[in-house]
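**Q** dropping a prediction and its sequence here:
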Amino acid sequence: ATHDNQQSQLTKEPPSSIRTIQEVIFHTASFLKKEVTVGGTVTVLDYELGRMDVSNNGAKLIVRVLNPSLFGGCTPKLDIGDKVVVTGTLRKEQRRTFLEASHIVKT
């Protein structure tokens, strides 16, 4: 069942309802603890820490990648400057807002 679950997370097409990073940051309360999809450019990528920052139009969102196989679903491998669409649950710890990724698509 785990393998099937991972396969469903690694589709090739991005979801249709993509939110802007600005919208998610400025209206955090509306999206908190809910699944949301954002698109942007990879500006920070750390496989060891399971962290990626995605930015778009001057706004940046931290993406926490708890499942390293999500990185592996992107072919070719992700790199800084790549365009991505990320789906996950929006969370907040202290003052830091971040997206806990469940799905990453390189576009």
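**A** Okay, I see it.

**Q** make it CA atoms for all contacts and neighbour counts henceforth
**A** Will do.

**Q** got the contact list for stretch 66-80?
**A** 6, 9-10, 41-45, 47, 50, 100-106 (CA atoms under 8 Å, 6 or more residues apart in numbering).

**Q** how would you label the closest residue to residue 45 other than its chain neighbours: helix, strand or coil?
**A** Spatial nearest neighbour of residue 45, chain neighbours left out: residue 52 (4.5 Å); criterion: CA to CA, 6 or more residues apart in numbering. Following DSSP: H, G, I helix; E, B strand; the rest coil, we place residue 52 in the strand state.

**Q** that older thread, drop anything exposed from the contacts of stretch 66-80.
**A** Buried by 16 or more other CA atoms under 10 Å: 6, 9-10, 41-45, 50, 100-106, out of the contacts of stretch 66-80.

**Q** which one among the residues you listed gets closest to residue 21?
**A** Set against residue 21, the nearest of the buried ones among the contacts of stretch 66-80 by CA to CA is residue 41 (10.8 Å).

**Q** quick one on the thing from earlier: ok, of the buried ones among the contacts of stretch 66-80, which one's closest to residue 28?
**A** Ranked by distance to residue 28 (CA to CA), the buried ones among the contacts of stretch 66-80 are led by residue 100 at 13.9 Å.

**Q** contacts only, for that closest one.
**A** Contacts of residue 100 (CA under 8 Å, 6+ apart): 63, 64, 65, 66, 88, 89, 90, 91.

**Q** which one of these is nearest residue 24?
**A** For those, the nearest to residue 24 is residue 90 (8.4 Å; CA to CA).

**Q** report the central residue of the chain.
**A** Central residue of the chain (CA atoms, centre = their mean): residue 86, 3.2 Å from the mean position.
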